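[1] Sequence plus the predicted model coming up.
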Amino acid sequence: MVATIIWIIVVGFVAGIVARLLAPGPNNPSGFVLTTVLGVAGAFLATWLGQLIGWYRPDQGARFIGAIVGSLIILFIWNRLVAHRIIHDPGADERRLP
């Protein structure tokens with residue numbers, strides 16, 4: 001059980017890093033925790049979408065590529081929400097410092 005959780009965190013972190021490299025931008029969530037959350041949330045999104053359209057069975061989950069695609073979708077939504085000023089960009093304060 002603990003090994004499974006650690007594996008999810010490691011895959012989520014790597015998927016988050018790859019997604020951030022594929023979709024660079026000034027308003028990406030940064031830091032270890034946010035990158036890991038991005039990857040894990042992307043994997044959950046990819047699993048849910050895959051099961052919804054029939055790519056995965058109910059007992060299957062998205063793999064690494066699916067986690068990256070899900071993370072890219074989440075990053076796109078994040079960037080749109082920040083661009084329309086619906087949510088605050090946590091990195092904006094760091095960029096304004098002299």
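    Arrived safely, thanks for sending.

[2] any idea how far Thr47 is from Asp59?
    Counting by CB to CB, to the nearest Å, the separation of Asp59 from Thr47 is 11 Å. Yep, even glycine has a C-beta here, placed from its N, CA and C like the rest.

[3] who has more neighbours, the two?
    Neighbour tally, Asp59 and Thr47, criterion other CB atoms under 10 Å: the higher count belongs to Thr47, 19 against 6.

[4] Can you tell me the element the more buried one falls in?
    helix 32-53 (DSSP states H and E).

[5] by contact count, what packs against that helix?
    Secondary-structure packing of helix 32-53 (3 or more CB pairs under 8 Å, 6 or more residues apart in numbering; DSSP states H and E): helix 2-22, helix 64-83.

[6] Could you find the closest non-adjacent residue to the most centrally placed residue in the chain?
    Centroid-nearest residue in the chain, with CA atoms, centre = their mean: Leu38, separated by 2.6 Å. Distances taken as CB to CB, 6 or more residues apart in numbering put Gly16 closest to Leu38, at 4.0 Å, once the chain neighbours are dropped.

[7] Same check on Gly61?
    Counting by CB to CB, 6+ apart, Gly61 lies nearest to Thr47, which is 4.6 Å off, once chain neighbours are set aside.

[8] Determine the number of other residues adjacent to Val37.
    18.

[9] any idea how far it lies from Trp55?
    Counting by CB to CB, the gap from Val37 to Trp55 is 24 Å.

[10] got it, and Ile87?
    Here the criterion is CB to CB. By it, Ile87 lies 30 Å from Trp55.

[11] Fine by me, we can end here.
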